[in-house]
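*Asks:* Have a look at this fold, sequence not included:
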């Protein structure tokens with residue numbers, strides 16, 4: 001029986017993803033993820049930032065490479081993997097990475113001079129990348145309110 005090894009993490013990409021191939025031709029994409037945590041300390045709130053390395057494989061690797069860029073919000077579901085080796089000084093070294101099994105990108109909102117649009121941002125492990133723009137049909141130009149404006153506010157609360 002396998003032990004449980006599962007992680008769910010959200011944050012922003014620290015740098016653009018890096019795509020490479022194994023000698024057998026399998027695609028591997030590596031990304032750095034920063035996750036913020038806020039906690040109450042004395043009279044205010046403190047911010048704690050943690051950095052994690054994420055790797056994706058095969059079709060998911062190519063999709064992440066195409067969709068990811070520095071600063072983009074991302075949610076990763078996967079497992080932890082520990083790499084061990086001996087350093088150049090002979091001392092044992094180790095590193096823990098997250099091997100992603102499912103990746104979702106936070107939607108990117110693009111503002112146009114004529115209408116307000118949003119690019120769909122969900123990307124599942126089995127899905128191919130896409131970049132469809134969805135017009136905001138409920139947008140009221142006089143009040144500036146609409147479905148996407150409300151979504152902007154809701155997502156700001158979540159992420």
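*Replies:* Nice, I can see it. A quick note: this is a predicted structure, and the numbers were derived from the prediction, not measured.
*Asks:* what's next to stretch 23-42, contact-wise?
*Replies:* 9-15, 17-22, 45-62, 64-65, 68, 74, 76, 98 (C-beta atoms under 8 Å, 6 or more residues apart in numbering). C-betas here are computed from N, CA, C, even on glycine.
*Asks:* In PyMOL, how would I select the buried members of these?
*Replies:* Of the contacts of stretch 23-42, the buried ones can be selected in PyMOL as follows, counting by 16 or more other C-beta atoms under 10 Å:
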select buried, resi 9+11+12+13+17+19+52+54+55+56+57+60+61+62+64+65+68+74+76+98
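*Asks:* Show me the contacts of stretch 23-42 that map onto strands.
*Replies:* 9-13, 18-21, 45-57, 74, 76, 98 (DSSP state E).
*Asks:* Now do the helices in the chain.
*Replies:* 58-67, 147-158 (DSSP state H).
*Asks:* looking at those, which has the lowest confidence?
*Replies:* Note on these: lowest mean pLDDT is at helix 147-158, with a mean of 42.
*Asks:* In the protein, where is pLDDT below threshold?
*Replies:* 111-159 (pLDDT under 70).
*Asks:* who touches residue 68 in this structure?
*Replies:* 13, 16, 17, 29, 31, 74, 105.
*Asks:* From residue 3, how far off is residue 90?
*Replies:* According to C-beta to C-beta, to the nearest Å, residue 90 stands 31 Å off from residue 3.
*Asks:* And residue 17, by the same measure?
*Replies:* 29 Å.
*Asks:* Equivalent analysis for residue 101, please.
*Replies:* Noted for residue 101: a distance of 16 Å to residue 3, by C-beta to C-beta.
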